[in-house]
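Asker: the sequence and its predicted three-dimensional model are supplied below.
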Amino acid sequence: MTAEGKITMGEFKMVVERFEENQKKIIEVMNHRFDNVQKDIGVLKQDVGVLKQDVGVLKQDVGVLKQDVG
């Protein structure tokens with residue numbers, strides 16, 4: 001910084017470079033977290049599919065029980 005309180009072009013470039021580096025790091029972290037969220041959503045979808053199948057089987061079993069009781 002100059003005596004007048006102004007920054008030099010070199011200092012400005014350094015600030016911009018640091019800003020760009022930090023932005024890249026933030027984007028990398030966000031992409032990593034987004035990838036993990038997508039994987040988790042995929043697992044949840046599979047689990048919901050299994051639960052739907054289980055509910056279908058339970059409905060059939062209850063139907064058979066109703067017939068047996070009747």
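Answerer: Cool, the structure landed. Numbering: from 1, shown residues only.

Asker: which SS class is Glu4?
Answerer: Glu4 carries the three-state label coil when classified by DSSP: H, G, I helix; E, B strand; the rest coil.

Asker: quick check: pLDDT value at it.
Answerer: The score at Glu4 is 80. That number is its pLDDT.

Asker: now swap in the one 10 residues further on and tell me
Answerer: At Met14, the model reports a pLDDT of 96.

Asker: what does Asp68 give?
Answerer: At Asp68, the predicted lDDT confidence score is 86.

Asker: likewise Phe34?
Answerer: pLDDT, Phe34: 93.

Asker: just the element for it, please.
Answerer: helix 9-69 (DSSP states H and E).

Asker: so how far is that helix off the chain centroid?
Answerer: Counting by CA atoms, centre = their mean, to the nearest Å, helix 9-69 is centred 5 Å from the centre of its parent chain.

Asker: same deal with stretch 3-15?
Answerer: Chain-centre distance of stretch 3-15: 39 Å, with CA atoms, centre = their mean.

Asker: span of that stretch from start to end?
Answerer: 19 Å (CA to CA, to the nearest Å).

Asker: quick check: phi and psi at Glu4.
Answerer: Main-chain dihedrals, Glu4, degrees, to the nearest 10: phi -80, psi 0.

Asker: neighbours around it, how many?
Answerer: 5 (other CB atoms under 10 Å). The C-beta positions use only the backbone N, C-alpha and C, and glycine is treated the same way.
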